[in-house]
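# Kindly return the folded structure for what I paste below:
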Amino acid sequence: MNIAAWLRRNATSFGDRPGISWGSRVHSTYAQWAAHTAAIAGSLAPIARGESGARVAIAMTNCPDYLEALFAVWHAGLVAVPINAKLHREEFRYVLTHSGARVCFVSPDLAETIGPLAGELPALERIVVTGDETWRRWRASDGTSLVERAPEDPAWLFYTSGTTGRPKGATLTHRNLLAASLGYFSDVDAIGRGDAKLHAAPLSHGSGLYGLPHVAKGANNIIPESGHFDPAEIAELVRHWRNVSFFAAPTMVTRLIAHPAFAGADHSGLKTIIYGGGPM
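Purely as a prediction, here's the structure:
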């Protein structure tokens, strides 16, 4: 029961369907996404040295590379540790140390913050900045087969924000992620093949989790080019794409309805807003 099997299946069943979009442009089809994921997984495998519980951190702002890295970790049978991109260096240090991450994928905007930690943490063997030479080589390398996982095997080490003390890590298994995705279908919304999931909130938290049922159904994953929450940009993306759903905290919903560009936009492409984290 490896969650990454969904990606492999999509590549086989409808590989030409948009998998990841960068703003209004298709970044990769499901076939391309799966190929890049398998390639990166092949480079991760030797670092894990056969240890299925090895952790790989992802400290990145939202971008297409994020989804490739996340599914590569699972494809290789390892445990993903997505980290809030808004943390400070010492907070990154704590999570990386506490999780025992062997590898950390970093987006270019965070390279200067996290880069100095290389060589200081005993478990951390490599920091890979997406887009650099190592990332390009890994992404183009020979792929590896999907590693089988048991339902109770850990998949996601989910750290809290640390607002009431040190961040606390909760382990989510492959079964947990499957159950959450099935719960979305039964309790929240149906997803069709022409649907899209807009990642306007951090992929490291709610948006990443709500993206899983959309991957399971072969939906398009749209990432704003700004990499963050911008009501005007969201209005444009909802106008461009159809059947768009996205996760937002209540404060984000308030900002949307108060922003003229979004309030006055054509909302016919908007399907569902999922919210949480506080009262509406």
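# Please make it C-alpha for all contacts and neighbour counts, starting now.
Will do.
# For the stretch 51-200 of the chain, which segments count as strands?
Shown for the stretch 51-200 of the chain, the strands assigned by DSSP state E, counting those that start in this stretch span residues 55-59, 79-82, 103-106, 126-129, 154-159, 169-173, 196-198.
# Compare those strands and give me the one nearest Met280.
With CA to CA as the measure, strand 196-198 is the member of the strands of the stretch 51-200 of the chain nearest Met280 (20.3 Å).
# got the buried residues for that closest one?
Judged by neighbour count using 16 or more other CA atoms under 10 Å, the buried positions of strand 196-198 are 196-198.
# hang on, the earlier thing: will you turn the strands of the stretch 51-200 of the chain into a markdown table that also has mean pLDDT and distance to Ser145?
Below are these laid out as a markdown table (pLDDT from 0 to 100; distance: least, CA to CA, whole Å):
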| stretch | mean pLDDT | distance to Ser145 |
| --- | --- | --- |
| strand 55-59 | 97 | 18 |
| strand 79-82 | 97 | 17 |
| strand 103-106 | 97 | 20 |
| strand 126-129 | 96 | 22 |
| strand 154-159 | 96 | 17 |
| strand 169-173 | 95 | 20 |
| strand 196-198 | 98 | 27 |
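# Who are the contact partners of Ser21?
Contacts for Ser21 (CA atoms under 8 Å, 6 or more residues apart in numbering) come out as 27-28, 64, 220-223.
# Strands - which of these land there?
Counting by DSSP state E, the part of those found in strands is 27-28, 220-223.
# Show me which pair in those residues is furthest apart.
Farthest pair in those (CA to CA) is Ser28 and Ile223. Separation: 11.9 Å.
# more crowded one of those two?
Ile223 (27 against 21; other CA atoms under 10 Å).
# residues in contact with the longest helix along the chain?
Among the segments of the chain that qualify as a helix by DSSP state H, the longest is helix 30-48. Residues from elsewhere that reach helix 30-48 (CA under 8 Å, 6+ apart): 7-8, 10-12, 14-20, 54, 68-69, 71-73, 75-76, 78, 102, 138-146.
# switch the cut-off to 6 Å
7-8, 11, 15, 17, 19, 54, 68, 72, 76, 138-139, 141-144 (CA atoms under 6 Å, 6 or more residues apart in numbering).
# most neighbours, which of those residues?
Ala72 (31 neighbours).
# quick one on the thing from earlier: going by distance to Glu152, which of the contacts of Ser21 wins?
Of all these, Asn221 has the smallest distance to Glu152: 27.1 Å, by CA to CA.
# does the closest one have beta-bridge partners, and which?
Counting by DSSP bridges, Asn221 forms beta bridges with Ile20, Lys197.
# about what we covered before: between the ones in strands among the contacts of Ser21, which is nearest Lys168?
Here the nearest of those to Lys168, counting by CA to CA, is Ile223; it sits at 27.5 Å.
# buried ones in the longest helix of the chain?
Residues of helix 30-48 classed as buried by neighbour count (16+ other CA under 10 Å): 30-45, 48.
# what pLDDT, on average, does it get?
Taken as a whole, helix 30-48 has an average pLDDT of 93.
# can you give me how far that helix is from the chain middle?
15 Å (CA atoms, centre = their mean, to the nearest Å).
# That one relative to strand 55-59, how many degrees between them?
Per axes from the mean of the first three to the mean of the last three CA atoms, to 10 degrees, the angle that helix 30-48 makes with strand 55-59 is 120 degrees.
# circling back to that earlier point, out of the strands of the stretch 51-200 of the chain, which comes closest to Asn2?
Using CA to CA, those put strand 154-159 closest to Asn2, at 8.5 Å.
# other SSEs contacting the closest one?
strand 79-82, strand 169-173 (3 or more CA pairs under 6 Å, 6 or more residues apart in numbering; DSSP states H and E).
# Turn the ones you listed into CSV, including mean neighbour count.
As requested, those are arranged in CSV below (neighbours: other CA atoms under 10 Å):
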stretch, mean neighbour count
strand 79-82, 27
strand 169-173, 17
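# right, and those - which one's nearest Leu256?
Nearest to Leu256 among the helices and strands packed on strand 154-159 is strand 79-82; the distance by CA to CA comes to 26.3 Å.
# Pull the distance from the closest one to the chain's centre.
Taking CA atoms, centre = their mean, one finds the center of strand 79-82 at 10 Å from the center of the full chain.
# what does it rub up against?
Strand 79-82 is contacted from outside by 55-58, 73, 155-157, 204, using CA under 6 Å, 6+ apart.
# Generate a PyMOL selection restricted to the buried subset of the residues you listed.
To isolate the buried ones among the contacts of strand 79-82 in PyMOL, judged by 16+ other CA under 10 Å, type:
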select buried, resi 55+56+57+58+73+155+156+157+204
